[in-house]
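K.L.:
The sequence isn't on hand, but the structure is:
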Ligand SMILES: NC(=O)c1ccc[n+]([C@@H]2O[C@H](COP(=O)([O-])OP(=O)(O)OC[C@H]3O[C@@H](n4cnc5c(N)ncnc54)[C@H](O)[C@@H]3O)[C@@H](O)[C@H]2O)c1
């Protein structure tokens, strides 16, 4: 085991990466953020971190950075993640998410990088009906999920050769904002339900679209596992410490293990904002009916005890953040 000293966070000007950077800085770690602002924002960059504007595909520059700052650990979040855009522009997603990950890993050759954390998604599992555990063979349906699965394979493939261990973290649906209310989701284009509700929460006449009401679920709408971004950020720190201490690699589901239907969430919103108009529209391609995390592994291995697993709290923090964005 070596002490973790210098951590590179790719995509650290984004929603999840900036949360992770904030927690690392609070823990007095040296944080280096690499981002090209494809979908990131200057205001999300944590002040005490060193920021480097750079594309992960620029392998030689990334290598220089890794050597210059003696990076020992990488948390790799930089990616494109718009599910419908990925179907329309596969080349862009192949280049950024698959080749980008490959270039980043190539830059780790002959360096001191010993730990890599990779942001993956529960979408790699493909069609699932309910709880899913890490042993299920991935079978990604959409192109975005496919690129994340390929990313996982690249991370695994080079681990021995380049002498690092890894944690592949499969996030479920991420939502909410930090307790400090300094960081939250800005990007509007991903079609995330709770972000959409937060945007609507500021409107005089809020309106929400529900994609499909004839799924095989209790109320016909899709069921998902929503995880608060602060709990998710904490999983990164714990996973990093675990792989470093044990010299072992990991694959973990990151969710709470409880599914909520879209209509259930919309109804919570309705109780807060009575005027909401709900419009049902056709299913989105690739959406599965019901998926939530089997959390036995994350609880056992990391002794993880989430602190924000309360849907009302998640919604309130997202709405508070949205309000602060509009000021
Ligand atoms: N938000 C979710 O619900 C969710 C769910 C599952 C997985 N993920 C994964 O989490 C990661 C972070 O997502 P997010 O929600 O914070 O999105 P985000 O768009 O806020 O963050 C992504 C960041 O990566 C940067 N980036 C993209 N391509 C880059 C490149 N080539 N070089 C350098 N920087 C680049 C962007 O500018 C942005 O700051 C992604 O890898 C995504 O696939 C997110």
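P.N.:
Perfect, I can see it now. Not measured: the values here are computed from a predicted model.

K.L.:
only C-alpha atoms for contact and neighbour calcs from this point on.
P.N.:
Noted.

K.L.:
Do you know the pLDDT at the closest residue to residue 190 other than its chain neighbours?
P.N.:
The spatial neighbour of residue 190 that comes closest, neighbours along the chain excluded (C-alpha to C-alpha, 6 or more residues apart in numbering), is residue 82 at 5.1 Å. Residue 82 is assigned 94 on the pLDDT scale.

K.L.:
if I pick residue 82, what's in contact with it?
P.N.:
Contacts here follow C-alpha atoms under 8 Å, 6 or more residues apart in numbering; on that basis residue 82 touches 144, 189, 190.

K.L.:
and the second one, that's in a helix?
P.N.:
In this case it means residue 189. No: using DSSP: H, G, I helix; E, B strand; the rest coil, the assignment for residue 189 is coil, not a helix.

K.L.:
Next one: it from the ligand, what distance?
P.N.:
Counting by C-alpha to the nearest ligand atom, to the nearest Å, the gap from residue 189 to the ligand is 9 Å.

K.L.:
That residue - nearest residue in space that isn't next to it in sequence?
P.N.:
residue 82 (7.1 Å).

K.L.:
Just want the phi and psi numbers for that neighbour.
P.N.:
Main-chain dihedrals, residue 82, degrees, to the nearest 10: phi -90, psi 110.

K.L.:
Which helix in this structure has the most residues?
P.N.:
In the chain, taking DSSP state H as the definition, the longest helix is helix 229-246.

K.L.:
Other residues contacting that one?
P.N.:
Under C-alpha under 8 Å, 6+ apart, the answer for helix 229-246 is 1-2, 4, 16, 19-20, 23-24, 75, 114-117, 165-167, 171, 174-178, 248-250, 254, 302, 304, 306-308.

K.L.:
one step back: buried ones among the contacts of residue 82?
P.N.:
residue 144 (16 or more other C-alpha atoms under 10 Å).

K.L.:
rewinding a little: on the C-terminal side of the longest helix of the chain, identify the next helix or strand.
P.N.:
strand 250-254 (DSSP states H and E).

K.L.:
quick check: angle from that next one to helix 229-246?
P.N.:
Counting by axes from the mean of the first three to the mean of the last three C-alpha atoms, to 10 degrees, strand 250-254 lies at 160 degrees to helix 229-246.

K.L.:
Just name whatever secondary elements strand 250-254 is in contact with.
P.N.:
Where contact means 3 or more C-alpha pairs under 8 Å, 6 or more residues apart in numbering; DSSP states H and E, strand 250-254 is packed against strand 165-171, helix 229-246, helix 296-302.

K.L.:
The longest helix of the chain near the ligand at all?
P.N.:
No: applying C-alpha under 6 Å from any ligand atom, one finds helix 229-246 separated from the ligand by no less than 8.7 Å.

K.L.:
Mind checking what secondary structure residue 104 has?
P.N.:
Quick answer, by three-state DSSP: residue 104 is helix.

K.L.:
Pretty sure it sits against residue 62.
P.N.:
Yes: at 7.0 Å, residue 104 counts as touching residue 62 under the criterion of C-alpha atoms under 8 Å.

K.L.:
overlap in contacts of those two?
P.N.:
What both residue 104 and residue 62 touch, as defined by C-alpha under 8 Å, 6+ apart, is the set residue 56.

K.L.:
what does this protein have sitting close to the ligand?
P.N.:
So the chain meets the ligand at 10-17, 35-40, 54-57, 77-81, 96, 119-121, 171-174 (C-alpha under 6 Å from any ligand atom).
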